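Visitor: Build me a model from this:
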Amino acid sequence: MFQKIISNLAIASEAVLSNKIRSVLTALGIIFGVAAVIAMMAIGSGAQQEILEQIELVGVNNIVITPIVEQSEGEVDETAGAVGTQKGKKNLSLGLNFLDVESIKNVIPDIDMVSPEIVLETEVSRQGFRRSAKLVGVENTYFEISGFQLDEGEYFNPEHLKKGVPVCIIGKSIKSKFFSREEPIGKYIKVGRHWLKVIGVLEERIISDKSISNLGIRDYNMDIYTPLSTALIRYENRAMVTNSLIQQARMSGNQDKSSVNYHQLDRLVLKVSNTDQMNSIAQVVSKMLKRKHSQVIDYEISIPELLLKQQQRTKNIFNFVLGGIAGISLLVGGIGIMNIMLASVMERIKEIGLRMSLGATRLDIIYQFLLEAVMISFSGGAIGVLLGLVAAFGIAELAEIPTIVSPFSILLSFGVAVTVGIIFGIAPAKRAAEQDPITSLRYE
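Guide: Residues are numbered from 1 along each chain as shown. From the prediction side, this is the model:
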C-alpha cells in the first residue's frame, strides 16, 4: 500500500513539474488566501496586544474625572455693537477640588481607591543642566492605580503626605539626565523654585508614540512626583485667593476669564471594585458633582477601559471582514484547483487508459490525481506562508501597524490549504478513475 502511494506520488510530481506555469496559476488562489490569513491574524494579534498595553497604561476599572473650562452662555446684547456682552448665569462652581474627593470617598460605595492629581509645568535644574518637565502632585494610591513600580528607594510616608515635606520620586529618564554618574537617592534636585530630596526612582515605562497620541497621556519617565500636599503648599493651590491673583484680576479688567484654570485638581481617578458597576457609578458621580458645582458642567467623566474595549470590538469586526476575504480566497483557490484538474483529466484520458491497461487500479488513478491536487495546494500553501510573513512585516514597517505572527496562524492557514486541496481534488480524481480503459485508449 505504501509503495503504491509512493509510486503514484512520483507520477503526480512528474505531472505537476511538467506544467509549472499551469500549476502556479492553479495555486494562486491558495497562495493569496494563505497569505491573507497570516497577515490578517498578525494584524489582529498586534491590535489585541496594543489594546492590552493601553489598558495597562490607563489602569483597569478606572473612572477618570478631568476638569474643563466652563463655556459661558447667555443672550447677546445687540446694543453693545459687534462684540456685545453676554448676560449669563454667574459661575458659582469652585471647580474640581478636595471637597469633591471627600464626598466621593464618603458617599459612593464600591470605590476601592481615589487618586487626586495636580500637574504643574515647571523647570528642573541641577549642576548647570536645565530642562522643562512636569511636577505631579499625587498620593501613594496614584502609583498603585497606575501600576507603577519602584526601581529603587521608597514611596511617600504619612509624614511626607501630611506635612508637605519637600521630597520627590523621579522617573527613569530624569535619573538618566540629572544623575547619570551617581545614585540619586538622598540627593537634591531643583524643581521650579524649590529643592526637593529624591527618595525614589520609578521603573522605566515604555510607551509608544501611538499610545501617547491615542490616550492623551504623557511620557511618565520624564515626570517628577511629589506629595499632593507639597504641591499645594509649596507650589500652587488654585483654590486659594492670593495677592498675585487679585493683581492679575485687576490688570485683566473685563477681559474674558474663561481660560483661567480655577480647578484645584487637574485629574481625579477612581478605581472601582466591580467592572459591571462602572457605568452606574459614573452616573452617580456625575449627578453628585453637578449638584456640588452649582449645576455647572465644568468636568468631564470618562471610562478609558470601556473606550478601549469599544476600539477593540471595532478592530475585531475589521479582522472578521479580513478573515472572510481570506476564506473566500481559499474557496476560490479550491474551485480553481478543481476546474484545472477536471480539464487535466480530459487532456490525459489516453494516459489514464494506458495506465489501466498496464494494471493500474481505479484506486491508483484516484491517488494519482488526488496527490496532484494536494501537491499544488501544498506548494501554494508554502509560498503563501512566505508571502504572508513578508506582508506582515511589511505592514509593520511601512504602515506602522503592530503585527504579531504566531505559529498557530501559520499551521492553521497551511492546514486549511492542504485540506482545500484534498476536498476539491476528490471530484477530478473520481472522474478520472471512472473512465473506461478501452474508450480511453481510443480517445483522440
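Visitor: what packs against the helix ranked longest in the chain?
Guide: In the chain, ranked by residue count with DSSP state H as the criterion, the top helix is helix 304-347. Here helix 304-347 touches helix 20-26, helix 28-58, strand 62-67, helix 278-292, helix 362-398, helix 407-433, going by 3 or more Cβ pairs under 8 Å, 6 or more residues apart in numbering; DSSP states H and E. Any C-beta I mention is one placed from the backbone N, CA and C, and that applies to glycine too.
Visitor: Can you add mean neighbour count and give the ones you listed back as TSV?
Guide: Formatted as TSV, these follow (neighbours: other Cβ atoms under 10 Å):
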stretch	mean neighbour count
helix 20-26	14
helix 28-58	22
strand 62-67	21
helix 278-292	16
helix 362-398	21
helix 407-433	19
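Visitor: what bits of the stretch 151-300 of the chain have low per-residue confidence?
Guide: 207-217, 240-260 (pLDDT under 70).
Visitor: do that again at 80, thanks
Guide: Across the stretch 151-300 of the chain, the ranges flagged by pLDDT under 80 are 205-219, 238-262, 274-276, 294-297.
Visitor: follow-up on the earlier one: I'd like the average pLDDT over the helix or strand just after the longest helix of the chain.
Guide: Where DSSP states H and E defines the elements, the next helix or strand beyond helix 304-347 is helix 349-357. Along helix 349-357, the predicted confidence averages to a pLDDT of 79.
Visitor: And for stretch 392-410?
Guide: Here stretch 392-410 scores 85 as its mean pLDDT.
Visitor: what about it, distance to the chain center?
Guide: Relative to the mean C-alpha coordinate of its chain, stretch 392-410 is positioned 14 Å out (Cα atoms, centre = their mean, to the nearest Å).
Visitor: And for stretch 112-123?
Guide: Offset of stretch 112-123 from its chain centre (Cα atoms, centre = their mean): 25 Å.
Visitor: Equivalent analysis for stretch 218-229, please.
Guide: Here stretch 218-229 shows a centroid-to-chain-centroid distance of 24 Å under the convention Cα atoms, centre = their mean.
Visitor: Any idea how far apart the tips of that stretch sit?
Guide: End-to-end distance for stretch 218-229, by Cα to Cα, to the nearest Å: 22 Å.
Visitor: and it, which residues are buried?
Guide: Residues of stretch 218-229 classed as buried by neighbour count (16 or more other Cβ atoms under 10 Å): 220, 221, 222, 223, 224, 225, 226, 227, 228, 229.
Visitor: thinking again about what came up before, output the helices and strands packed on helix 304-347 as CSV; include the columns distance to residue 115.
Guide: Below are the helices and strands packed on helix 304-347 laid out as CSV (distance: least, Cβ to Cβ, whole Å):
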stretch, distance to residue 115
helix 20-26, 61
helix 28-58, 12
strand 62-67, 9
helix 278-292, 14
helix 362-398, 35
helix 407-433, 39
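Visitor: so which of those gets nearest residue 177?
Guide: In terms of Cβ to Cβ, the element of the helices and strands packed on helix 304-347 nearest to residue 177 is helix 28-58, at 22.5 Å.
Visitor: Which of the buried residues of stretch 218-229 sits closest to residue 179?
Guide: residue 224 (12.3 Å).
Visitor: what lines up beside the helix or strand hosting that closest one in the sheet?
Guide: Applying DSSP H and E as the criterion places residue 224 in strand 223-227. When pairing is defined by DSSP bridges, strand 223-227 lines up against strand 129-138 (parallel), strand 167-170 (antiparallel).
Visitor: where does residue 118 land in three-state SS?
Guide: Secondary structure, DSSP: H, G, I helix; E, B strand; the rest coil: residue 118 is strand.
Visitor: I figured it hits residue 134, correct?
Guide: No: between residue 118 and residue 134 there is no contact under Cβ atoms under 8 Å: 10.3 Å.
Visitor: Tell me which of the two has more neighbours.
Guide: The neighbour comparison of residue 118 against residue 134 (other Cβ atoms under 10 Å) goes to residue 118, with 22 against 18.
Visitor: quick one: the spatially closest residue to the more buried one that is not a sequence neighbour and residue 143, what's the gap?
Guide: Nearest non-adjacent residue to residue 118, counting by Cβ to Cβ, 6 or more residues apart in numbering: residue 137, 3.8 Å away. Distance, residue 137 to residue 143, by Cβ to Cβ, to the nearest Å: 13 Å.
Visitor: what do you get for residue 152?
Guide: Residue 152 is 14 Å from residue 143, by Cβ to Cβ.
Visitor: just residue 165 next, same as before
Guide: 17 Å.
Visitor: Residue 238 too?
Guide: In terms of Cβ to Cβ, residue 238 sits 24 Å off from residue 143.
Visitor: Next: residue 310.
Guide: Separation of residue 310 from residue 143 (Cβ to Cβ) stands at 28 Å.
Visitor: So between these two, which is more surrounded?
Guide: Higher neighbour count among residue 310 and residue 143: residue 143, with 19 against 10, using other Cβ under 10 Å.
Visitor: Among the strands paired with strand 223-227, which comes closest to residue 322?
Guide: Residue 322 sits nearest to strand 129-138 of all those, at 40.3 Å, using Cβ to Cβ.
Visitor: Only the buried residues of the host helix or strand of residue 101, if you could.
Guide: Using DSSP H and E, residue 101 maps to helix 98-107. Using 16+ other Cβ under 10 Å as the test for burial, helix 98-107 gives 100, 101, 104.
Visitor: So what touches it?
Guide: 111, 114, 116, 239, 264, 265, 268, 270, 285, 288, 289, 292 (Cβ atoms under 8 Å, 6 or more residues apart in numbering).
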